[in-house]
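Asker: Have a look at this fold, sequence not included:
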Ligand SMILES: Cc1cc2nc3c(=O)[nH]c(=O)nc-3n(C[C@H](O)[C@H](O)[C@H](O)COP(=O)(O)O)c2cc1C
């Protein structure tokens with residue numbers, strides 16, 4: 001049986017968190033699709049609130065803690081990523097962006113990504129397409145066409161029979177991600193642990209030449 005590894009990043013701050021709930025639903029649907037196709041799946045989930053201080057320290061010092069290092073390693077070498085953020089002031093949260101900022105800019109290249117977000121109002125659903133999608137496109141990840149937004153009102157309306165209900169959107173997005181994850185060989189690539197990040201210059205830091 002083939003084996004694939006999926007990383008799940010949830011940037012929700014509340015406990016319980018609707019962002020985590022959406023991340024779990026997306027994960028369950030993706031794992032089910034892959035299992036049905038005969039693919040064995042390993043899932044690693046991180047709630048960014050648990051490493052929030054490590055992320056801030058990494059921004060200040062330039063070095064990740066051992067705990068953050070293993071999260072970064074898991075995300076960078078995964079076959080697929082499910083990334084879910086709460087919408088704060090019409091965009092991804094600051095914590096979510098700070099986590100992206102501590103990754104090597106090349107780390108997400110060719111990585112299949114399913115993007116999701118939660119918000120108080122459905123009027124901010126486009127943040128997925130004007131903020132989250134361009135962010136991952138810039139990092140050369142492969143973002144699946146269906147992005148999943150859940151406003152507070154979507155949770156109760158799950159079984160209203162509408163063709164674009166939250167469960168329908170979750171299923172469609174999960175199917176798209178599962179297809180890409182199945183074809184991915186990222187987690188089995190051998191990487192050089194001593195390689196310098198692309199763009200690094202010994203005299204002037206990043207982008208100096
Ligand atoms: C500082 C702050 C700003 C927010 N801004 C928005 C916003 O612009 N649009 C929106 O739809 N919801 C906004 N919200 C609501 C959150 O996106 C929403 O409650 C989210 O689902 C919380 O996720 P959590 O339960 O995982 O913490 C904001 C909440 C906070 C705390």
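Answerer: Cool, got the structure. Here the structure is a predicted model, which is why all the values come from computation and not from measurement.
Asker: going forward, measure contacts and count neighbours with C-alpha atoms only.
Answerer: Will do.
Asker: buried residues in the lowest-mean-pLDDT helix or strand in the chain?
Answerer: Lowest by mean pLDDT, DSSP states H and E among the helices and strands of the chain is helix 152-156, with a mean of 89. In terms of neighbour count (16 or more other C-alpha atoms under 10 Å), helix 152-156 has its buried residues at residue 154.
Asker: so what's the most centrally placed residue in the chain bridging to?
Answerer: By C-alpha atoms, centre = their mean, the chain has its centre lying nearest to residue 83, at 2.3 Å. Listed beta-bridge partners, residue 83: residue 9, residue 115 (assigned using DSSP bridges).
Asker: Quick one: name the residues of this protein near the ligand.
Answerer: 12-14, 17-20, 86-90, 118-121, 124 (C-alpha under 6 Å from any ligand atom).
Asker: so of these, which ones are in helices?
Answerer: In helices, defined here by DSSP state H, the members of the residues of the chain next to the ligand are 18, 19, 20.
Asker: could you redo these as TSV and give each row pLDDT?
Answerer: Compiled in TSV, those are given as follows (pLDDT from 0 to 100):
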residue	pLDDT
18	98
19	98
20	98
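Asker: Pull out the buried members of those.
Answerer: Among those, the ones that count as buried by 16+ other C-alpha under 10 Å are 18, 19, 20.
Asker: Skipping its backbone neighbours, what lies nearest the last one in space?
Answerer: Ranked by C-alpha to C-alpha, 6 or more residues apart in numbering and with sequence neighbours excluded, the top spatial neighbour of residue 20 is residue 10, at 5.6 Å.
Asker: In this model residue 51 seems to touch that neighbour, though I could be wrong.
Answerer: No: Residue 10 is beyond contact range of residue 51, at 11.3 Å (criterion: C-alpha atoms under 8 Å).
Asker: Overlap in contacts, the two.
Answerer: Residues touching both residue 10 and residue 51 (C-alpha atoms under 8 Å, 6 or more residues apart in numbering): none.
Asker: Counting neighbours, go ahead and name the busier of these two.
Answerer: A direct count of neighbours by other C-alpha atoms under 10 Å for residue 10 and residue 51 places residue 10 higher, at 27 against 17.
Asker: where does this structure dip in pLDDT?
Answerer: For the chain, the stretches with pLDDT under 70 are 1, 157-163, 193, 196-200, 204-209.
Asker: what about the helices in it?
Answerer: Going by DSSP H, the chain shows helices at 18-36, 52-61, 66-76, 94-101, 127, 133-138, 152-156, 166-182.
Asker: okay if I get those as TSV plus distance to residue 110?
Answerer: Formatted as TSV, the helices of the chain follow (distance: least, C-alpha to C-alpha, whole Å):
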stretch	distance to residue 110
helix 18-36	18
helix 52-61	24
helix 66-76	10
helix 94-101	16
helix 127	22
helix 133-138	10
helix 152-156	31
helix 166-182	10
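Asker: To residue 4, which of those helices lies closest?
Answerer: Of all the helices of the chain, helix 166-182 sits nearest to residue 4, with 7.1 Å by C-alpha to C-alpha.
Asker: That concludes my questions; thank you for your assistance.
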